[in-house]
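*Asks:* Okay, structure incoming, though there's no sequence with it:
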């Protein structure tokens, strides 16, 4: 628009100039290759129109060149895709076939399941029973197996719980405004929570005041004594998560949010997983089979014994507790 406006101003200015102006004639002669007789027959307005048409033709040529270049680029892209896609598909197929062959060859070399001479049925179980207390320091052999001999399996299970909680969080969490204000969806969810589950139930609140501390203490005991008897991080974390859910049902999200929020869930689970990973990585790198890592096992039967099993039980218990509470709050309200 600005370009056309300037041209029309030029037209108006040329229209007011006399035909006999020698300066205009010199400018026209210098800018064009047409004969003087032709130029003298054209008025300034006609000459300006001719300039506009010439500029439009130049723009059309420029656009045509750009379109041709773009079409050429698109054609090259299509041609490259014609051979790139088959190559990509071929590489994927070869990789999958190689992976299947590798896994099948590994499975074929494994001893048959359930056979009498299978090391799983004799050597491994016998080793756990005979050397478990000496090598792990745990009176509870189940804790010794899942948190020492097979600690990486337990780490994978804890990671699966965390990933599942994050997936549910992405699907069900109701977001807030960018400025920190509560969104209408969150307000509606809070109203639904008050409507369906009143917070002033005297019987439920009195029962929660008595039972929640007992439940949390019992869950902590199960976690801390998991290497001494039945229990551990999974069962103790489930008990503590149930205590938090009971407190939430009795007193609502506002009071529970004073000590347990979404930020608390993120930090507790992240620190617990990283602590677990660092502890077992240190243990595996320091010893050939992660048993002779130099970490004292303590006196069997004491609370501070069994090496890293106690802190690992605590990490697992925190992850399970946070995951249970997160699942409940997200499915119920869409937030914490």
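*Replies:* Arrived safely. If you're wondering where the values come from, they're calculated on a predicted model, not measured in any experiment. Numbering: from 1, shown residues only.

*Asks:* any low-confidence regions in the stretch 51-200 of the chain?
*Replies:* Where the stretch 51-200 of the chain drops to pLDDT under 70, the residues are 73, 75-82, 114, 116, 119-122, 173-199.

*Asks:* quick one, strands of it?
*Replies:* Shown for the stretch 51-200 of the chain, no strands are assigned by DSSP state E, counting those that start in this stretch.

*Asks:* which residue ranges form the helices in it?
*Replies:* For the stretch 51-200 of the chain, applying DSSP state H, counting those that start in this stretch gives helices covering 125-136, 141-144, 151-172, 184-196.

*Asks:* Quick one: the ones you listed as CSV, columns for distance to residue 328 and mean neighbour count too.
*Replies:* (Each C-beta comes from the backbone N, C-alpha and C, glycine too.) Below are the helices of the stretch 51-200 of the chain laid out as CSV (distance: least, CB to CB, whole Å; neighbours: other CB atoms under 10 Å):
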stretch, distance to residue 328, mean neighbour count
helix 125-136, 34, 15
helix 141-144, 27, 20
helix 151-172, 10, 15
helix 184-196, 12, 13
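
*Asks:* Turn those helices into JSON lines, including distance to residue 229.
*Replies:* JSON lines is the format used below for the helices of the stretch 51-200 of the chain (distance: least, CB to CB, whole Å):
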{"stretch": "helix 125-136", "distance to residue 229": "14"}
{"stretch": "helix 141-144", "distance to residue 229": "9"}
{"stretch": "helix 151-172", "distance to residue 229": "18"}
{"stretch": "helix 184-196", "distance to residue 229": "39"}
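
*Asks:* looking at those helices, which is closest to residue 107?
*Replies:* Among those, helix 151-172 comes nearest to residue 107, with 18.3 Å by CB to CB.

*Asks:* Ok, which of the helices of the stretch 51-200 of the chain comes nearest residue 240?
*Replies:* helix 151-172 (14.1 Å).

*Asks:* Which secondary structure elements does the closest one sit against?
*Replies:* When contacts are defined as 3 or more CB pairs under 8 Å, 6 or more residues apart in numbering; DSSP states H and E, helix 151-172 packs onto helix 262-286, helix 309-332.

*Asks:* coming back round to it: with respect to residue 247, which of the helices of the stretch 51-200 of the chain lies nearest?
*Replies:* Residue 247 lies closest to helix 184-196 among those, at 14.5 Å (CB to CB).
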